[in-house]
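**Student:** Have a look at this fold, sequence not included:
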């Protein structure tokens, strides 16, 4: 069997309807060969449907799907060179670990010895050597996860898909496994599409992120781009936390805008916006509690203060509205009603186009 | 074209060009006399017969087969699909049309026959060649659909759906429609609504004379009355025992549980037989009452009371199985919630438990109702002058009158009753079932029954249990005495009559019962795996695939549950007695009747099994480049073992115990055990009948054990999984 190598995935105006419900509405995107792209969004946004259309588990109602430049729109899952790691792992409970991993080559009618050889090799890659004769029910969650990955890798598919693979693991293990998946993807140079609803996970592992909302793509870009330059209010709110406030753009000079928020005037990238009313997103870590004296300060009062170990969560009322603020590097609980002054950091404050 | 389509195409040509097209007498591999003159003559192939001018009406279909060949070299699948869809559908229809147009002389559809160029001609029933070709055309069409992306582009799934629809159409809908037609067609052989209405509204069906004068009421009212009483009483007994088992500390619960297995392995009329031996004019109990208390001997058991008693004894365990599931399904935390809100036991029972039970009770009632309607054996054995629809249908067909038209009308009435009940159940209960199990762990303990309810329940259940035990003692021992009620000398006479084996001339099965016994076991053994396969396949398609018309297909597979066996029997006789599908008198028709009578059992256990298997297993297999056939074989089937066992056991046992449908279909060559026993009862040979029945029961118990052992339990890690609850068996 020759290796096909990683392949690109391209969606051209793909739509999926179930009766009168449109699950995915006219989306187009490209996943470059050898990159890890995350489909991110709240539940019901169409991300899993999109992933299943790449796999061939759902058939597109309209549009074209290309894998490695070849039109696969009408091909069944078995005919596509794609494999998938499922949320539930979907390990066959009646087969041993080795049989599970060797399943792909076995149904491809490869000789048993060769199938087992391939399976052992991939089990070694995911660090599951020595577990070959166990049954899935005799493994822990993380081990089952690794076996599922090995099984998906065994045919060296052009594209590897992950459907919320970490959602059944506890928080600590989740962090480790996502690093392992990312390392594996880099080491083996795989094209990976990864579905998750956890924005932190998406930011941590992706080359690019496709944020979906209501069956369409809300924004596509590198993790940093999404966090720092959200395309709309939804993305600003969904990726990380954000205080969304109404502001007024006073003037636009070149690519800078003068923005007024209550008594404060800020100079921000204009992002193509015109003077007038606008929305601004402020990350909670970008509001700094400072001593009196500087320019452009926003006075406020502490409403709530919660102690969270490595930081404090604060709710601060100001004339421009209530703000959610996180404060790292201090453990002093601030009493309710205490007046404070807020300054704006030069990061994490951005105008948001639209809405 | 894909390689699989090419193979299929070649197979279809085999059917058309090589295999004998027609079904002929004495067909078999033992002697090849029927093949004389091949490729022409009776055993000729369609191609030869068509081209030689003997059967030119076969050529249009052949032309379509030829046309499908145009898709052979096509690289573009969409183009190939168009050709396959067109040629496949046209060929399929043309072959069927000529089959129905040209049958026996003077029958068929004359104008269509003329169109095919076969005016006045006759042809025999379809044979192996026709089967292979027609199925081939259908599958070519299905491949075309798969090329077009139906069923996610899966050829196997598409083909299986096509086959399933063909089978259900041919073996469920076609016979039922034939009954309809038979009812509508008058003596002159054409549609005659007047005659139909006359027969339909006849006072022997709907008369109410018994209310005012001393004549018997219409058979429809008799049936209805019996069914309502049977439904009500079995539900009551089932509910009482379910509550006793689950909600009290009753002793000997195992006895109640054991009773639920019995009706599954008991041919339904055997209960009636045992009742005669107990309460008949010379029955055990009657003798005792006469000799000790001078109670005169009467024939009270023959008629409504006897039939009702037999049916209640036979079907109450089924109601019990349904209701025990419902009672278990009530989450104890709901009752605990009621108690923490200050309700007493009785208040909790009447305001929470009882309302939650109601849909289950309605369900059990409807099952008892339909079972009673469909029951044939007990009314036959115990009915006396009390006629019900199923027996009247039987006598209309086999009796001196031999009135197929009347049989069809009666079958129609019976069918509308059962379908009505089925419709009610689906429609009304479909919306009302309160599923209270949430899938979350429920730690609560069920509330004990209020004392007055448990007293009432015990008072109902205990006599029933005692009577059932007595009945089975009679069945198992009755064969060992000379004559129940008259002469209690122990004897093996009855067993010898039935099952004597002569060793003097080698192994020679001399007993009178051996023939029917071997036939029954053989047919049951052939049909059980087929039923299981068809049922599980249907369950797989219905549960795991999405396609248009899935709901309709699911409904029609379940529909055959609602069609009483008697109706199926009549329908099969009317439909399959003449070409194009002629198979009455063969073993094949019995096997097919078994498969489609029992298929719902397989479908239900398959659906139950599949719903425990996560769908992502199929998908994981598909993304690892396994096709659905491979997935089915390597992943689902091993996990479906318990469902497979259940389907095998039930279809085997039901094939052994079936009476109503097969009594029409048996022939001298293919006589079945049940039909033979009914014959002995009618001839008054109770000893042999009861001996034979007990042998059947023992054999079935053994059969169940063997299947259970053979298929075994699935092993998933350290735990072993029990097979799921037995599906409810209805209709015999």
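**Tutor:** On my side now, so go ahead. Quick caveat, the model's predicted, so the values are computed rather than measured. Numbers count the residues shown, from 1 in each chain, chains lettered A, B, ... in the order given.
**Student:** The closest residue to chain B within the stretch 101-250 of chain A: neighbour count?
**Tutor:** Of all residues in the stretch 101-250 of chain A, residue A:137 sits closest to chain B, at 3.0 Å by Cβ to the nearest Cβ. For glycine as for every other residue, the C-beta is placed from the backbone atoms N, C-alpha and C. Using other Cβ atoms under 10 Å in any protein chain shown, residue A:137 is surrounded by 12 other residues.
**Student:** Spell out which residues of chain A are next to chain B.
**Tutor:** A:52, A:55-59, A:74-84, A:86-88, A:90-94, A:103-104, A:107-108, A:135-138, A:151-152, A:154-155, A:161 (Cβ under 8 Å from any Cβ of the partner chain).
**Student:** Got a ChimeraX select line for the buried ones in the residues you listed?
**Tutor:** To isolate the buried members of those in ChimeraX, using 16 or more other Cβ atoms under 10 Å in any protein chain shown:
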select /A:52,55,56,57,58,59,74,75,76,77,78,80,81,82,83,84,86,87,88,90,91,92,93,94,103,104,107,135,136,151,152,154,155,161
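**Student:** Pull the contacting residues for residue 133.
**Tutor:** Picking chain A for this. The neighbours of residue A:133, taking Cβ atoms under 8 Å, 6 or more residues apart in numbering or on different chains as the test, are A:96-98.
**Student:** not quite, I wanted chain B
**Tutor:** Here residue B:133 is in contact with B:12, B:15-16, B:21, B:46, B:61, B:65, B:95 (Cβ under 8 Å, 6+ apart).
**Student:** For residue B:52, which non-adjacent residue is closest in space?
**Tutor:** In this structure, residue B:52 finds its nearest non-sequential neighbour in residue B:40, 5.9 Å apart by Cβ to Cβ, 6 or more residues apart in numbering or on different chains.
**Student:** Tell me which helix or strand the one you found sits in.
**Tutor:** Element membership of residue B:40 [criterion: DSSP states H and E] is none; it lies in no helix or strand.
**Student:** is it true that the residue of the stretch 101-250 of chain A closest to chain B touches residue A:93?
**Tutor:** Yes. Here residue A:137 lies in contact with residue A:93, judged by Cβ atoms under 8 Å, at a distance of 6.3 Å.
**Student:** So which bits of chain B are right by chain A?
**Tutor:** B:77, B:148-149, B:152-154, B:614, B:616-617, B:619-628, B:630, B:634-635, B:638-639, B:714-719.
**Student:** Assign residue A:257 to helix, strand or coil.
**Tutor:** strand (DSSP: H, G, I helix; E, B strand; the rest coil).
**Student:** ok, now the one 3 residues further on?
**Tutor:** With three-state DSSP as the basis, the three-state label of residue A:260 is strand.
**Student:** what about it, neighbour count?
**Tutor:** So residue A:260, with other Cβ under 10 Å, has 13 neighbours.
**Student:** Tell me the pLDDT of the spatially closest residue to it that is not a sequence neighbour.
**Tutor:** Nearest non-adjacent residue to residue A:260, counting by Cβ to Cβ, 6+ apart: residue A:248, 4.9 Å away. Residue A:248 is assigned a predicted lDDT (pLDDT) of 92.
**Student:** so residue A:248 is in which element?
**Tutor:** strand A:243-253.
**Student:** same deal with residue B:652?
**Tutor:** Going by DSSP H and E, residue B:652 is in helix B:641-657.
**Student:** Could you single out the nearest of the contacts of residue B:133 to residue B:315?
**Tutor:** Of all those, the one with the least separation from residue B:315 (Cβ to Cβ) is residue B:95, at 43.9 Å.
**Student:** ok, the closest one touching residue B:132?
**Tutor:** No. Counting by Cβ under 8 Å, residue B:95 stays clear of residue B:132, with 11.2 Å between them.
**Student:** And the residue in the stretch 151-300 of chain B positioned nearest to chain A, how far from residue B:135?
**Tutor:** Taking Cβ to the nearest Cβ, chain A has its nearest neighbour within the stretch 151-300 of chain B at residue B:153, 4.0 Å off. Applying Cβ to Cβ, to the nearest Å, the value for residue B:153 to residue B:135 is 22 Å.
**Student:** ok, those two, which is more surrounded?
**Tutor:** residue B:153 (22 against 19).
**Student:** If we ignore the residues flanking it in sequence, what's nearest the more buried one?
**Tutor:** residue A:76 (4.0 Å).
**Student:** quick one: contacts for that neighbour?
**Tutor:** Neighbours of residue A:76 in contact, by Cβ under 8 Å, 6+ apart: A:56, B:152-154, B:622, B:627.
**Student:** Next: residue B:126.
**Tutor:** B:21-23, B:99, B:134, B:579-581 are the contacts of residue B:126 under Cβ under 8 Å, 6+ apart.
**Student:** The same query, at a cut-off of 6 Å, please.
**Tutor:** residue B:580 (Cβ atoms under 6 Å, 6 or more residues apart in numbering or on different chains).
**Student:** what's it sitting at in phi/psi?
**Tutor:** Per-residue torsions, residue B:126: phi -70, psi 140 (degrees, to the nearest 10).
**Student:** That one pairs with what?
**Tutor:** Using DSSP bridges, the beta-bridge partners of residue B:126 come out as residue B:22.
**Student:** now do the same end-to-end measure for stretch B:107-118.
**Tutor:** 12 Å (Cα to Cα, to the nearest Å).
**Student:** scratch that, stretch A:92-100
**Tutor:** End to end - Cα to Cα - stretch A:92-100 spans 6 Å.
**Student:** And stretch A:96-109, by the same measure?
**Tutor:** End residues of stretch A:96-109 are separated by 19 Å (Cα to Cα).
**Student:** Sort out which residues of that stretch are buried, please.
**Tutor:** For stretch A:96-109, by 16+ other Cβ under 10 Å, it's A:96-107.
**Student:** With stretch A:235-244 instead?
**Tutor:** So, applying 16+ other Cβ under 10 Å, buried residues of stretch A:235-244: A:235-236, A:238-243.
**Student:** and what of stretch B:526-533?
**Tutor:** B:526-528, B:530-533.
**Student:** Domain ranges for chain A, per the record?
**Tutor:** Following the assignment in automatic domain parsing, chain A carries domains at A:9-233, A:241-352.
**Student:** tell me how far the first one is from the chain's mean position?
**Tutor:** Meaning domain A:9-233. Remark: domain A:9-233 is offset 13 Å from the chain centroid, using Cα atoms, centre = their mean, to the nearest Å.
**Student:** and that domain, how far apart are its ends?
**Tutor:** Start-to-end, domain A:9-233 (Cα to Cα) is 28 Å.
**Student:** for the shortest one, same thing?
**Tutor:** The first residue of domain A:241-352 is 14 Å away from its last residue (Cα to Cα).
**Student:** Dead centre of the chain: give me the residue that sits there.
**Tutor:** No chain was given, so I picked chain A. Central residue of chain A (Cα atoms, centre = their mean): residue A:202, 2.8 Å from the mean position.
**Student:** Not quite, go with chain B.
**Tutor:** Closest-to-mean residue, chain B, Cα atoms, centre = their mean: residue B:597 / 2.1 Å.
**Student:** need the next SSE after the helix or strand hosting that one, C-terminal direction.
**Tutor:** Residue B:597 is located in helix B:587-610, with elements delineated by DSSP H and E. Where DSSP H and E defines the elements, the next helix or strand beyond helix B:587-610 is helix B:615-623.
**Student:** So which bits of that next one are buried?
**Tutor:** B:616-623.
**Student:** Report the buried residues of the next helix or strand after it.
**Tutor:** Later in the chain than helix B:615-623, the nearest helix or strand by DSSP H and E is helix B:628-631. For helix B:628-631, burial by neighbour count (16+ other Cβ under 10 Å) applies to B:628, B:630-631.
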